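>>> I'll drop the sequence and a predicted model, then ask my questions.
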Amino acid sequence: MTDAEHRSLGLLLRNCKAKVVISGYRSPLYDELYAGWRLEAFGVANHAAVGEEKSEKVECLWMNY
């Protein structure tokens, strides 16, 4: 998705009356779009990494509740 598409989705979701959960990796854009939402971050194994060393990624959940 482009930044403009993320912004359009963010506007739609911020106005949504239902409970919303967004899953992804933390970025300045997501920090802006979902400011004020609850953020939970947790480490996950990167099983898709090429090569011998597998790094751990930090997955984030943004929640409006």
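Okay, I see it.
>>> and the one helix or strand W62 maps to, what's buried?
Under the criterion of DSSP states H and E, W62 resides in strand 56-63. In terms of neighbour count (16 or more other Cβ atoms under 10 Å), strand 56-63 has its buried residues at C60, W62. C-beta here means a position set from N, CA and C on the backbone, and glycine is covered the same way.
>>> residues making contact with it?
Under the criterion Cβ atoms under 8 Å, 6 or more residues apart in numbering, residues 19-26, 30, 34, 37-46 lie in contact with strand 56-63.
>>> can we see that at 7 Å?
Contacting residues not belonging to strand 56-63 are listed as 21-26, 30, 34, 37-46 [Cβ atoms under 7 Å, 6 or more residues apart in numbering].
>>> how far away from the center of its chain is it?
Relative to its parent chain, strand 56-63 has a centroid offset of 6 Å by Cα atoms, centre = their mean, to the nearest Å.
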